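Engineer: one predicted model, sequence on top.
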Amino acid sequence: MKLKPSQLQEFVKFSSTQEGSILFLSGEWTLQNIPEIEKKLKNVHEIKHLSRKIILDVSGITMIDTAGMLYFLEKRETLRKRAAKKRDIVVRGVRENGEFLKMFKLIKKHKTGKALPQTVVRHPFVAFFESVGRHFFNILNSMLLFLDFTGRTYEAFLRDLFHFSFRFREISNIVKKAGITALPIIGITTFLIGVVIAFQSAVQLQQYGANIFIVEIVSIAIARELSPIITSIVVAGRSGSAYTAQLGAMKITEELDAMSVMGFDIFRFLIVPRSVALIIVLPLLIFFGDIVGILGGMMVAKFQLGITPTSFIDRLQEVFSMRHFYAGLIKGPFFAATIAAIGCFRGLQVTRDTESIGRQTTISVVNSIFMVIIIDAVFSIIFTELGI
Amino acid sequence: MKKPLIKIENLVTRFGDHVVHDGVNLTIYEGEIYGILGGSGSGKTTILREIIMLHEPTAGKVNVLGHDLYSASHEEKQRLRNHWGVLFQFGALFTSLTIAENIAVKLKEYTHISDSLVEDIIATKLEMVGLDLSVATLYPSELSGGMVKRAALARALAMDPKLLFLDEPTSGLDPISAEQFDNLIVQLKNLLGLTIVMVTHDIDSIFTVVDRMAVLGDKKVVAEGTIEEVVQIDHPFIHQFFGGNRAMIRRKHGK
C-alpha cells in the first residue's frame, strides 16, 4: 500500500444536516498523522453551531492503529463532555469498516480506563526538609558503610599478612598498570610544576640578587608538598576512578556475586591487591616526581638565572637535608591507602542502573582528592609541631 | 501470493578471518512468525543485527520493506527504523528511565501528540503485554526478568510497528512464563497484524509459535520452510536438533 502524504488527506469533513452535525472521518488514522488530524479537528471545535446531535461517521477511515484508536476514543470523550446529554454523540459506519471494528474491539479489551500512577509532587517547603534529611542520612549511612568496608579490607589484609598469602601476580599486575604506565603523565605534570615554581620565584629572587636560593625553594617545595600532592591527584584520577568503574561494572554484571559464590573473597582477591599495589607504587611515583620536578627547576635556573646544573646540584647537596625528602615520601602510603579504599568502596556502592557507575566514579575522584588534601594538611601540622 | 517484507540475498559476513555467513538467502513474508534457528555461533543474532542495521554485512543484499538497507539514505534509514520494534535478549531497557518513560521515549521524540494521549498509549501497551499499571513508575532494576521482557516488548510496540524483531524472547524465562510469552506473541501478531522475526532455540517456541523458519548451519541456510518441511531435510544439524529427546517428545505429541 502506497502511503499518501498526510497533507493530502482530508481526515475530517464537517457538514450540517437536518439530522444533526456530521463529521466524516477518513484517511489513515495512524500515530504519524495524529498532529494533522488534531489541527483539522480544532477547526471543527471552533464551529459555534454544532447541533445537539453529533454524528461521527468512521466509514471513510482506511487504516487505524492503536494510537489512532486511542486518540479517537479520547476525542469522542471530549465531545461527549461538551454535549448536554450523552446520547447526542453517535458513531456511524463501524459495521461497514472491518479494520476499524477490529481495532476498536482490541482497544476496548485492553483499555483499562485507569490512569497511570503518578509520582508524588510535594510542597517545596516539605521537599526541602525531605531532601536535607535524606542527604544527612545518606552521608551518615555511607560513613557507616565505609567503616564496615575498611574493617573488612583490614581483616582480609591481616589474614593475608599472617599466612603471607598475598596475591602477588595480581599485585604486580596492578603495580604495572597504576605505576609504570603512569610515569609519563606524572613526569610531565611534576616537571611542569617544577618549571612553574622556578619561574615564579626567579623573578622575585632576581630583584634581591638571591639567585642561588632557587635551589632551596624548588627542591623543598617539590619534595615536601608538590610532588606528593600532584602525584596523588593524578593517581586518584587515573587509578582510583578505574577501580570504581571496574568494580562497579563487575557488580552490575554479577561477577562479584559469582566470585563470592565460588568462595573467592572479593576483599582478598580484588581490594587488598589494589590497595597494596597502590601503597607500594605511590611512594615510588612520588620519588620519581621529586626528581623530574627538581629537574624542571634546574632547567629554569640555567636559562633564567644562569645557574649551571653543576652549581645547582652542588648547592642541592649542601642545603637539601634528607628529612624534606622523607617528609614527602612518608605521606605516599597514606594517600595511596585512602585513594584505593575510596575507589574500591565507591565501586561496591554501584547499584544495578548504569547511571550509578558514572555518579560513583565522580564521587570517588572528588572524595579521594579532597581526602588527600585533608590528610596533607594534618601531616603539615604534625611536621611543624615536631619540627621536621 | 504473500508479499515478501524482508529479502536477504547472498549475504556474506566475516569477522577478520572468521567467516560467519557465506551466501545466506532467505525471504520473510508479511504476516508470518519467522524463526531463525541454528546452533551456538552459527550467526543467528548476527543476521538479526544485519537486518536492523546494527552491523553491516561484508557483502550481499538486505532488503527490508522494499528498501535496500545498505544503499539507503540517512533519512530513509531513520524512517525505516520507525517501522520496526526490537526486543533485545536482555530487554535493554534504559536503566535511568522508569518503565513508562521507556515506553514513551520514541513517542516523545518522534511524534507531536498530547501527553494525555501518550499516557493512554502507555497504559494500553502495558495492559497488552500483561503488566500491571503500577509498574509504570518503577525502574527496570526493580522488575523481575520476565517483567523486564514484557516491558521491553511494550516499548518495542509503542510506535505500532509493522515489523517486530525478537532476540531469544523466551531465554531466561521459566517454562510457565516462556509459554505465556509465546502465547502473548501469537496473540499480538493476530491482533495487530504484525510480522515477527525471532531468533530462538527454544524447541517449544519452534513447534508452537513459529510459522516458517530458516535453519543456519555450515555458514548457509540449510533448510527453510514450515516445521513439517524442515524436518524432512537430511542434514546432520537438523537430525541433531530435531532428533534430540526434547524434540522427539514434541514431535510425538504434535503441536
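Structural biologist: Alright, I've got the coordinates. Numbers count the residues shown, from 1 in each chain, chains lettered A, B, ... in the order given.
Engineer: in chain A, which spans are strands?
Structural biologist: For chain A, the strands defined by DSSP state E occupy A:12-16, A:21-29, A:54-64, A:89-92.
Engineer: can you list the residues that contact the last one?
Structural biologist: Going back to what we said before, that points to strand A:89-92. With CB atoms under 8 Å, 6 or more residues apart in numbering or on different chains as the test, strand A:89-92 has contacts from A:20, A:53-59, A:76, A:79-80, A:83. From N, CA and C alone the C-beta is placed, and that goes for glycine too.
Engineer: follow-up on the earlier one: just the strands of chain A: most buried one?
Structural biologist: strand A:21-29 (a mean of 21; mean count of other CB atoms under 10 Å in any protein chain shown).
Engineer: got the contact list for the closest residue to chain B within the stretch 51-200 of chain A?
Structural biologist: Proximity to chain B, evaluated over the stretch 51-200 of chain A using CB to the nearest CB, is greatest for A:D65 at 3.9 Å. For A:D65, the contacting residues are A:29-31, A:103, B:160, B:192, by CB under 8 Å, 6+ apart.
Engineer: so which of those is the closest to A:R152?
Structural biologist: Closest approach between the contacts of A:D65 and A:R152, by CB to CB: B:D160, at 52.5 Å.
Engineer: surely the closest one forms part of a strand?
Structural biologist: No. Read with DSSP: H, G, I helix; E, B strand; the rest coil, B:D160 is coil and lies in no strand.
Engineer: pretty sure it contacts A:I64?
Structural biologist: No. If you go by CB atoms under 8 Å, B:D160 and A:I64 don't touch, sitting 9.8 Å apart.
Engineer: for the stretch 151-300 of chain A, which residue gets nearest to chain B?
Structural biologist: The minimum distance from the stretch 151-300 of chain A to chain B, using CB to the nearest CB, falls at A:I252 (9.1 Å).
Engineer: and the helix or strand where B:I103 lies, which residues are buried?
Structural biologist: Following DSSP states H and E, one finds B:I103 within helix B:99-110. Buried residues in helix B:99-110, counted by 16 or more other CB atoms under 10 Å in any protein chain shown: B:99-104, B:106-107.
Engineer: these also near chain A: which ones?
Structural biologist: For chain A, the contacts drawn from the buried residues of helix B:99-110 by CB under 8 Å from any CB of the partner chain are B:100, B:107.
Engineer: which one among the buried residues of helix B:99-110 gets closest to chain A?
Structural biologist: After measuring those against chain A - CB to the nearest CB - the closest member comes out as B:A100, at 6.1 Å.
Engineer: show me the contacts for B:E32.
Structural biologist: B:2, B:195-196, B:211-212.
Engineer: swap in B:A154?
Structural biologist: Per CB under 8 Å, 6+ apart, neighbours of B:A154: B:99, B:103, B:122, B:125-126, B:128-129, B:131.
Engineer: grab the nearest non-local neighbour of it.
Structural biologist: Excluding its sequence neighbours, the residue lying closest to B:A154 (CB to CB, 6 or more residues apart in numbering or on different chains) is B:K125, at 4.2 Å.
Engineer: burial measure for the one you found, as a count.
Structural biologist: Burial of B:K125 is recorded as 23 neighbouring residues (other CB atoms under 10 Å in any protein chain shown).
Engineer: tell me which residues of stretch A:293-302 come out buried.
Structural biologist: Within stretch A:293-302, the residues that count as buried by 16+ other CB under 10 Å are A:293-301.
Engineer: can you tell me the closest non-neighbouring residue to the residue of the stretch 151-255 of chain B at minimum distance from chain A?
Structural biologist: As assessed by CB to the nearest CB, chain A sits closest to B:D160 within the stretch 151-255 of chain B, at 3.9 Å. Nearest non-adjacent residue to B:D160, counting by CB to CB, 6+ apart: A:D65, 3.9 Å away.
Engineer: spatially central residue for chain B, please.
Structural biologist: B:L166 (2.1 Å; CA atoms, centre = their mean).
Engineer: does chain A sit close to the helix or strand hosting that residue?
Structural biologist: For B:L166, the element it lies in under DSSP H and E is strand B:163-167. No. Strand B:163-167 is not in contact with chain A by CB under 8 Å from any CB; minimum separation 13.6 Å.
Engineer: just checking: what are the partner strands of that strand?
Structural biologist: strand B:84-87 (parallel), strand B:195-199 (parallel) (DSSP bridges).
Engineer: wait, isn't B:R150 in contact with B:V129?
Structural biologist: Yes. Counting by CB under 8 Å, B:R150 does reach B:V129; the two are 4.4 Å apart.
Engineer: these two: who's more crowded?
Structural biologist: A direct count of neighbours by other CB under 10 Å for B:R150 and B:V129 places B:R150 higher, at 26 against 23.
Engineer: I'd like to know how far the more buried one sits from chain A.
Structural biologist: For B:R150, the distance to chain A equals 14 Å [CB to the nearest CB, to the nearest Å].
Engineer: can you show me the helices along chain B?
Structural biologist: B:44-51, B:74-81, B:99-110, B:115-128, B:145-157, B:175-192, B:203-208, B:227-232, B:236-243, B:245-253 (DSSP state H).
Engineer: A:L270: which of those is closest?
Structural biologist: Among the helices of chain B, the nearest to A:L270 by CB to CB is helix B:145-157 (26.8 Å).
Engineer: re earlier: and the contacts of A:D65 as a markdown table, adding distance to A:A236 and pLDDT?
Structural biologist: As requested, the contacts of A:D65 are exported to a markdown table (distance: CB to CB, whole Å; pLDDT from 0 to 100):
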| residue | distance to A:A236 | pLDDT |
| --- | --- | --- |
| A:W29 | 59 | 85 |
| A:T30 | 55 | 84 |
| A:L31 | 50 | 85 |
| A:M103 | 59 | 82 |
| B:D160 | 50 | 84 |
| B:L192 | 54 | 79 |
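Engineer: quick check: residues of chain A near chain B?
Structural biologist: Counting by CB under 8 Å from any CB, chain A sits next to chain B at A:30-32, A:34-35, A:38, A:65-67, A:70-71, A:74, A:106-107, A:110-112, A:114-119, A:351-355.
Engineer: okay, the strands paired with strand B:163-167 in JSON lines with distance to A:L256, mean pLDDT and mean neighbour count next?
Structural biologist: Below are those laid out as JSON lines (distance: least, CB to CB, whole Å; pLDDT from 0 to 100; neighbours: other CB atoms under 10 Å in any protein chain shown):
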{"stretch": "strand B:84-87", "distance to A:L256": "28", "mean pLDDT": "88", "mean neighbour count": "23"}
{"stretch": "strand B:195-199", "distance to A:L256": "30", "mean pLDDT": "91", "mean neighbour count": "24"}
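Engineer: what residues does the stretch 1-150 of chain B put near chain A?
Structural biologist: Going by CB under 8 Å from any CB, the residues of the stretch 1-150 of chain B near chain A are B:95-96, B:100, B:107, B:111-114, B:116-117, B:119-125, B:127-128, B:133-134, B:136-137, B:139-141.
Engineer: out of the residues of chain A next to chain B, which are buried?
Structural biologist: Of these, these count as buried by 16+ other CB under 10 Å: A:30-32, A:34, A:38, A:65-67, A:70-71, A:106-107, A:110-111, A:116, A:351, A:353-354.
Engineer: low-scoring stretches of chain A, by residue?
Structural biologist: A:1-8, A:45-52, A:83-87, A:112-113 (pLDDT under 70).
Engineer: domains for it, by residue range?
Structural biologist: Annotated domains of chain A cover A:6-110, A:156-386 [automatic domain parsing].
Engineer: so of those, which one's packed in deepest?
Structural biologist: The most buried one of those (mean count of other CB under 10 Å) is domain A:156-386, showing a mean of 19.
Engineer: between the two ends of that domain, how far is it?
Structural biologist: The first residue of domain A:156-386 is 34 Å away from its last residue (CA to CA, to the nearest Å).
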